[in-house]
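> coords please:
(chains A, B, C and D)
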There are 2 protein chains.
Amino acid sequence: MKYSASKENHLKAIFHLQHEQGIVTTNALAAALQTRPASVTDMLKKLKEQKLLLYERYKGFRLNNEGKKAAIQVIRKHRLWEYFLVKKLQFGWDEVHEIAEELEHISSKKLVDRLDAFLGFPDTDPHGDPIPDSQGRFLQRRQISLSELPLNKLAQVSAIASQTSEMLELLQYNHIQLGTRLLISRKFPFDNSLEVKIRSRPPVTLSAQVAKNVLVKDDE
Amino acid sequence: MKYSASKENHLKAIFHLQHEQGIVTTNALAAALQTRPASVTDMLKKLKEQKLLLYERYKGFRLNNEGKKAAIQVIRKHRLWEYFLVKKLQFGWDEVHEIAEELEHISSKKLVDRLDAFLGFPDTDPHGDPIPDSQGRFLQRRQISLSELPLNKLAQVSAIASQTSEMLELLQYNHIQLGTRLLISRKFPFDNSLEVKIRSRPPVTLSAQVAKNVLVKDDE
DNA sequence: AATTAAATTTAGACAAATCTAAAATTAAAA
DNA sequence: TTTTAATTTTAGATTTGTCTAAATTTAATT
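Modelled structure (predicted):
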């Protein structure tokens, strides 16, 4: 199925917001797309019409399976083109986004798959984001600092940035190690410290300094 | 300056028709673009408005300098992408046109120039058409058979396909050799023979068989 | 030269995507 | 729990590119 560039942009933005915020609001989507809430509402109706979106007026919305599949294909194209621009055409990683915003709407599926092969089936784009494969599967997950993790989002510890023994001791004391599944249950804006929950354990508090050095990936 | 995909398509089609037919008509353009004459007229007004086109109603039209420059940039993009698809992504030369029709509308000038460098500054696309350089100059001209040359269009002999001695003798007798400037002054549909004029000489007649084996390039 | 035919343009409509301003609904605060 | 505020949606307009049908202009024929 082929969708207009504008529809693809909406699908992609909803997918990202859904992923990061759990729930998507009309205002948030309008802000993400640099457009107006009224315009978003118009588009939501069309996407629902095309059975890409679960949506009832005033009651929020989210992509259904079809919508997610479509969004992932756009993301795949975007990230493959970014990879191409940086690795083959010598662009800087910070100047490729705008161009990829255009390239991602080229429709040929065959083109994307050939490009993928030409690039050697990369699984991470120049910004560190995972590139879904031809079937829409993310083989790699995005690695971020624990301090960037949204509230109540389950994640898994994937690396420790600064491996001083003092740091490792502190983490070990708090039962945090590679592979530990955790989520942030509270954030304290005063000093940016975090309350972290590990399954079937009392919550522990981590300083901003520690959180910055714990890298996590989305849990599925 | 940036133009819509539809405008770029019109500019490109006018450029080609202008080049091949000398004069462009509303109907011919509509046919080339698979659209309606009325739609073409609408677009002509907009292109005139934007000072890309010399146009007065009912009196025909042609691109001005600005229009030509814009058209050539689109053609450059189209042909570079075709070259990329065939040489790097292993597409067949006969399956790249449609994809290039989309890619040619990506706007970044920097992208095109980087792509050009990545491809090694090719001067001919996979169909044998010349690729204009970054400044819009055609360094290579298209080679076609004399039998495909339009009426009254000046061209220059660039190659002889079948070099039998009988053929060369015949050509020599008619004062035709590499570099000869000529034009077709008449075509005889009965046997597809041609009357050919060479500057300051009486016209000569060539059979379809001979014409097929004489290759020519546009003269500038 | 008058008539017919072909080409071109205008007039008016439509679809997609967007907008502003006003109305409806939901959420937050007093 | 009213009242107020924020969010979301509707109604109606705008822009771009397209269309059909009718009118106009130019070209071709008799």
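> quick check: mean pLDDT across the strand ranked longest in chain A?
Criterion DSSP state E: the longest strand present in chain A is strand A:181-188. Taken as a whole, strand A:181-188 has a mean pLDDT of 90.
> Enumerate the residues of chain A near DNA strand C.
Applying C-beta under 7 Å from any atom of the strand, we find that chain A lies next to DNA strand C at A:4, A:6-7, A:35-36, A:38-39, A:42-43, A:46, A:58-59. The way it works is simple: take the backbone N, C-alpha and C, and place the C-beta from them, glycine included.
> ok, back up a step: buried set for the longest strand of chain A?
Neighbour-count burial for strand A:181-188 flags A:182-184, A:187 (criterion: 16 or more other C-beta atoms under 10 Å in any protein chain shown).
> what does that strand rub up against?
Strand A:181-188 is contacted by residues A:146, A:149-157, A:176, A:194-199, A:203, A:216, A:219 when judged by C-beta atoms under 8 Å, 6 or more residues apart in numbering or on different chains.
> In chain A, mark out all the strands, start to finish.
In chain A, strands defined by DSSP E lie at A:53-55, A:61-63, A:143-145, A:155-160, A:181-188, A:193-198, A:204-206, A:214-218, listed in chain order.
> packing partners for the last one?
Applying 3 or more C-beta pairs under 8 Å, 6 or more residues apart in numbering or on different chains; DSSP states H and E, one finds that strand A:214-218 makes contact with strand A:143-145, strand A:155-160.
> for that strand, the distance to its chain's centre please.
13 Å (C-alpha atoms, centre = their mean, to the nearest Å).
> still on that earlier bit, switch the helices and strands packed on strand A:214-218 over to a markdown table, and while doing so, append mean pLDDT, distance to chain B and mean neighbour count to every line.
Output for the helices and strands packed on strand A:214-218, formatted as a markdown table (pLDDT from 0 to 100; distance: least, C-beta to the nearest C-beta, whole Å; neighbours: other C-beta atoms under 10 Å in any protein chain shown):
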| stretch | mean pLDDT | distance to chain B | mean neighbour count |
| --- | --- | --- | --- |
| strand A:143-145 | 85 | 29 | 15 |
| strand A:155-160 | 83 | 34 | 17 |
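> can you redo those as CSV with distance to DNA strand D?
Output for those, formatted as CSV (distance: least, C-beta to the nearest atom of the strand, whole Å):
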stretch, distance to DNA strand D
strand A:143-145, 26
strand A:155-160, 26
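> Nearest to residue B:127 among those strands would be which one?
strand A:143-145 (45.5 Å; C-beta to C-beta).
> which other residues reach the closest one?
With C-beta under 8 Å, 6+ apart as the criterion, strand A:143-145 contacts A:128, A:158-159, A:161, A:211-217.
> Just the buried residues out of the residues you listed, in ChimeraX syntax.
This is how ChimeraX selects the buried members of the contacts of strand A:143-145, with burial counted by 16+ other C-beta under 10 Å:
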select /A:158,211,212,213,214,215,216,217
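> Farthest pair within the contacts of strand A:143-145?
Most distant of the contacts of strand A:143-145, by C-beta to C-beta, are A:128 and A:211, 18.2 Å apart.
> closest one to residue B:24 among the helices and strands packed on strand A:214-218?
Closest among the helices and strands packed on strand A:214-218, once you apply C-beta to C-beta, is strand A:143-145, at 56.6 Å.
> Any buried residues in stretch A:58-73, and which?
Using 16+ other C-beta under 10 Å as the test for burial, stretch A:58-73 gives A:61-63, A:67-73.
> closest to residue B:120 among those?
Nearest to residue B:120 among the buried residues of stretch A:58-73, with distances taken as C-beta to C-beta, is residue A:73, at 31.6 Å.
> give the contact list for the nearest residue to that closest one once chain neighbours are set aside.
In space, and not counting its chain neighbours, residue A:73 is closest to residue A:136: 6.7 Å by C-beta to C-beta, 6 or more residues apart in numbering or on different chains. By C-beta under 8 Å, 6+ apart, the contact set of residue A:136 is A:69, A:72-73, A:76.
> give me the number of residues near residue A:90?
The tally of other residues near residue A:90 (other C-beta atoms under 10 Å in any protein chain shown) stands at 10.
> Check the gap between it and chain B for me.
Using C-beta to the nearest C-beta, to the nearest Å, one gets 7 Å for the distance from residue A:90 to chain B.
> Can you check what pLDDT the model gives that residue?
96.
> Thanks again, I'm all set now.
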